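Asker: Structural data only, the sequence is not supplied:
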């Protein structure tokens, strides 16, 4: 899904709908921990509407969950997520280019 498609879905979510409330609870910031590349890159923080993140599902929904890495989140703030990343992984992070 593209960022625009995800944004359109996010825009019409209704908190009174049980199905929509599941996605509403998934709003926020995520980080993807990519195990094969853990030494080559900073961890990237994504917003749930980012095409890379897609509510913490990722852009490759057909991929085996957890095989190469995991999505961690959601967090309401970037600052809280950055703090957890340092505590858990001892690594720095940065905001995804499309989320800035």
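Answerer: Structure's in. What do you need? Remember, predicted model here, so these are calculated numbers, not experimental data.

Asker: what's the nearest residue to the residue most central in space within the chain if we skip its chain neighbours?
Answerer: In the chain, the residue lying closest to the centroid (CA atoms, centre = their mean) is residue 30, at 3.2 Å. Spatial nearest neighbour of residue 30, excluding adjacent residues (CB to CB, 6 or more residues apart in numbering): residue 73 at 3.3 Å. For glycine as for every other residue, the C-beta is placed from the backbone atoms N, C-alpha and C.

Asker: you'd agree the residue nearest to the centre of the chain is up against residue 72?
Answerer: Yes. Counting by CB atoms under 8 Å, residue 30 does reach residue 72; the two are 6.4 Å apart.

Asker: Strands of the protein, start to end?
Answerer: 29-34, 43-47, 69-75, 93-95 (DSSP state E).

Asker: Common neighbours of residue 30 and residue 72, please.
Answerer: Counting by CB atoms under 8 Å, 6 or more residues apart in numbering, the contacts common to residue 30 and residue 72 are residue 81.
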